[in-house]
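Chemist: here are the coordinates; sequence isn't available:
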């Protein structure tokens, strides 16, 4: 059984080694497309064994286009049985490897993993709204399906698995991804401003206000996807 990791990343130098080292024990190879980072993300990826990292051939934002290109390279050059696709600012939680390895022997075409959003400290997670029980399709059997436009600005939120494969999935509650992207307040505020600049007036995301409850909005705020802010110890 051949398992290939697949990541599209940008400016993830702080987290990328922890990310890749968490999945390399499961993967034969990990293929990384660096989206024109201006830090040393690409160098850090290239320094690890069994990681094929290369710069994006594109300029300008289009998440679906980039992931389509990356998936095509993975399928053509590696012919995997499974693809493991996560973000560059997250890692497979300790202890999850054995559970996931067993699940790869199932007949499901797609596996959905729980995402735990670290908040303010690495031993603390956010649990209100969508953050309390969020799952993302992250492991799939490639079958030629491709990522498609989704109507968001720059095709944000197109997922890590093509929509046609996500329809039949198994949810693995015993496997979690630890997400570092919202760990620090400065990063949350920066991403809030950036998303609204690139994807303005996104009513489905409620203007991304849920990202900065307790930062730019009072902790008691209640928006479509979150609030009031609730944090718990990571368990």
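Modeler: That came through fine. Predicted model, so just to flag it, every value in this text is computed and none were measured.
Chemist: Just give me the longest helix of this protein.
Modeler: For the chain, the helix with the greatest residue count under DSSP state H is helix 63-78.
Chemist: Identify all contacting residues around it.
Modeler: Here helix 63-78 makes contact (Cβ atoms under 8 Å, 6 or more residues apart in numbering) with 2, 4, 6, 8, 28-29, 31, 33, 35, 56-58, 80, 83, 142, 144, 146-150, 154-158, 160, 162. Backbone N, C-alpha and C define where each C-beta goes, glycine included.
Chemist: just stretch 226-235 next, same as before
Modeler: The contact list for stretch 226-235, computed with Cβ under 8 Å, 6+ apart, reads 116, 118-120, 122-132, 178, 210, 213-214, 217, 219-222.
Chemist: and the residues you listed, which of them are in strands?
Modeler: Of the contacts of stretch 226-235, the ones assigned to strands by DSSP state E are 116, 118-119, 122-126, 178.
Chemist: from the contacts of stretch 226-235, which would you call buried?
Modeler: The neighbour count (16 or more other Cβ atoms under 10 Å) marks 116, 118-120, 124-129, 131, 178, 210, 213-214, 217, 221 as buried among those.
Chemist: Can you show me the strands along this protein?
Modeler: With DSSP E as the criterion, the chain has strands spanning 3-9, 29-34, 51-55, 82-85, 90-92, 110-119, 121-126, 135-140, 170-179, 231-233.
Chemist: Would you mind giving those as CSV with mean pLDDT added?
Modeler: CSV is the format used below for the strands of the chain (pLDDT from 0 to 100):
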stretch, mean pLDDT
strand 3-9, 97
strand 29-34, 98
strand 51-55, 97
strand 82-85, 98
strand 90-92, 98
strand 110-119, 97
strand 121-126, 98
strand 135-140, 96
strand 170-179, 93
strand 231-233, 98
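Chemist: Centroid-nearest residue for this structure?
Modeler: residue 87 (3.1 Å; Cα atoms, centre = their mean).
Chemist: which ones are touching that one?
Modeler: 7, 9, 19, 160, 179, 181.
Chemist: same question, residue 90
Modeler: 15, 19, 115, 177-181.
Chemist: about what we covered before: quick one: which of the contacts of residue 87 is nearest residue 105?
Modeler: residue 160 (21.3 Å; Cβ to Cβ).
Chemist: Need the nearest residue in space to that closest one, chain neighbours excluded.
Modeler: Leaving aside its chain neighbours, residue 160 sits nearest to residue 85 (3.9 Å; criterion: Cβ to Cβ, 6 or more residues apart in numbering).
Chemist: Tally up the residues packed near that neighbour, please.
Modeler: Other residues near residue 85 number 24, with proximity taken as other Cβ atoms under 10 Å.
Chemist: Tell me if I'm right that it and residue 9 touch.
Modeler: No - shown here, residue 85 and residue 9 do not form a contact pair, counting by Cβ atoms under 8 Å, at 11.5 Å.
Chemist: Save the strands of the chain as CSV, and put in distance to residue 23 too.
Modeler: Converted to CSV, these look like this (distance: least, Cβ to Cβ, whole Å):
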stretch, distance to residue 23
strand 3-9, 5
strand 29-34, 6
strand 51-55, 10
strand 82-85, 6
strand 90-92, 6
strand 110-119, 11
strand 121-126, 19
strand 135-140, 10
strand 170-179, 10
strand 231-233, 25
